[in-house]
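J.: Have a look; sequence and predicted model below, questions after that.
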Amino acid sequence: MKYLNNSFLIEHVKAEYLAKKFGTPIYCYSYKKLKMNIIKFKNNFKSFNPLVCFSVKSNTNVNLLREIRKLGCGADVVSIGELMKALKAGVNTKKIVFSGVGKTTKELNYAINKNILLINAESKSEIIEIEKIAKSKKKIVNIGIRLNPNTDAKTINKISTGKKEDKFGLTEKTFIELVKYTKNSKYINLKCLSIHIGSQILNNLSYEKMLKVIDKVVKKSNHKFEYVDLGGGIGIAYNNKTKKFNYKKYSISISKFLKNHNSKIIFEPGRSIIGDTGILISKVIYIKKTKSKDFIILDSGMNDLMRPALYGVNHRIIPVIKKGGSSKKTYEFVGPICESTDKFLTSKNFQKLKEKDLIIICDVGAYGMSLSSNYNVRPNPVEILIKESKINIVKKRQKLIDLI
Ligand SMILES: Cc1ncc(COP(=O)(O)O)c(C=O)c1O
């Protein structure tokens, strides 16, 4: 994705062309970038050959999941719906892990029937429920237990999941009790310790602390874990100032951990695989000038891209057509939704815009479309994948009529 003669391209396709042909807003993804991200991710950890289970929650588009599967990934799912999508995309059941604190009996039943690799349980009640279902089916079910390591991921508070006050996982004490419990179960095979301390993590230290806790707990539990599922969470650079995550350091820390533990590593990356593969192309509907600032009112809103409203985070905004030399302005980019939180970014020094101009909201491949809603009865945008310069509609724009 780059500018050529001041026009933004996704692979070899002009963003301007897509907007003309399909209307706006558009989620558009680059296959080339997706493929590169997966190859790079695997390469970074090739010394211990992990199982990479793409975190479906970050992007649930079934056609993208199919491409991700073809590039060798499994799936990490958190609901029956995500599991069904992973299966529809052809993901091998032996490469699917099921996480989440609130799996219902129906969901567990479905997962057990499908013989997926692991159900990562997060409470004693859930383990008892799995055992009950397994017994009724006369099956032995492979599970993991999620540990809460009480480790600060040093990320946005709202996406931290590994501190003791978070609802996720189990304390060291309960974890060890449950390891003992499962040893006596005829219907449960405890194969995995799972963990996920948060998302958009850029600090290696958090992972190092997490690995130390796992090392201690595994030794204490005196159990041979076939798998250690380290979850996802690796962050990406949403702006040029962000320090990039140090993969090499993380890989070295894991290799050190593996010297003492003969387990297969599982990763559940979402954002690091798909985050920077997607953009949201949007049109300026109106420009509203006030004394203190100019509002750029876009045709995409917080229902299309919720991250800024939900977490107070920024996504870069760039013009579809760069205009050299024009005077710069301070703009507040907002959506049309009737909420004051429907605001994307305040940008100083943006090139002068006029109504009907096109802009791009960057790095929206993860938790973009998957968090979208129909709030204000607004149909979901079309999703397009550019693959080898071919324009593939991977999900049609929702029809207004279907919402009425
Ligand atoms: C259990 C679990 N695994 C994996 C992920 C994916 O995280 P990320 O997209 O940050 O890699 C999440 C997201 O929060 C998660 O909850």
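T.: Thanks, I have the structure now.
J.: So in that sheet, which strands flank the longest strand along the chain, and in what orientation?
T.: Using DSSP state E to define each element, the chain has its longest strand at strand 278-289. According to DSSP bridges, strand 278-289 forms sheet pairs with strand 26-30 (antiparallel), strand 294-298 (antiparallel), strand 358-361 (antiparallel).
J.: Tell me which of the ones you listed sits nearest to residue 66.
T.: Relative to residue 66, the nearest member of the strands paired with strand 278-289 by C-beta to C-beta is strand 26-30, separated by 12.7 Å. The C-beta positions use only the backbone N, C-alpha and C, and glycine is treated the same way.
J.: just how off-centre is the closest one within its chain?
T.: 16 Å (C-alpha atoms, centre = their mean, to the nearest Å).
J.: Can I get it as CSV, trimmed to CA atoms?
T.: What follows is strand 26-30, C-alpha atoms only, in CSV (Å, rounded to 0.1, in the frame of the first residue of the first chain):
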residue,chain,number,x,y,z
ILE,A,26,-15.1,0.4,2.0
TYR,A,27,-13.0,-1.9,4.0
CYS,A,28,-10.2,-2.9,1.7
TYR,A,29,-7.5,-5.5,2.5
SER,A,30,-4.2,-6.4,0.8
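J.: Outside of it itself, list whatever touches it.
T.: Residues outside strand 26-30 that contact it (C-beta atoms under 8 Å, 6 or more residues apart in numbering) are 1, 10-11, 15, 18-19, 64, 274, 277-281, 364-365, 368-369, 381-386, 394.
J.: for the ligand, what are the nearby residues on the stretch 201-350 of the chain?
T.: Those residues of the stretch 201-350 of the chain that sit near the ligand, judged by C-beta under 6 Å from any ligand atom, are 231, 232, 233, 234, 268, 269, 270, 271, 272.
J.: What are the phi and psi values at the residue sitting furthest away from the middle of the chain?
T.: Among the C-alpha atoms of the chain, the one most distant from their mean position (C-alpha atoms, centre = their mean) is that of residue 291, at 39.2 Å. Geometry field for residue 291 lists phi and psi as phi -60, psi -40, criterion degrees, to the nearest 10.
J.: who touches it in this structure?
T.: Applying C-beta under 8 Å, 6+ apart, no residues qualify as near residue 291.
J.: pLDDT (mean, whole number) over the helix or strand containing residue 109?
T.: Assigned by DSSP states H and E, residue 109 belongs to helix 105-113. On average, the pLDDT along helix 105-113 is 98.
J.: so how far is it from its chain's centroid?
T.: Helix 105-113 has its C-alpha centroid displaced from the chain centroid by 23 Å (C-alpha atoms, centre = their mean).
J.: List the neighbours of it that are in contact with it.
T.: Around helix 105-113, the neighbours that count as contacts under C-beta under 8 Å, 6+ apart are 79-80, 83, 98, 103, 119, 126, 129-130, 133-134, 137, 139, 141.
J.: Strand partners (parallel or antiparallel) of the next helix or strand after that helix?
T.: Per DSSP H and E, helix 105-113 leads on to strand 118-121 as the next helix or strand towards the C-terminus. Strand pairing for strand 118-121, using DSSP bridges, gives strand 96-98 (parallel), strand 141-146 (parallel).
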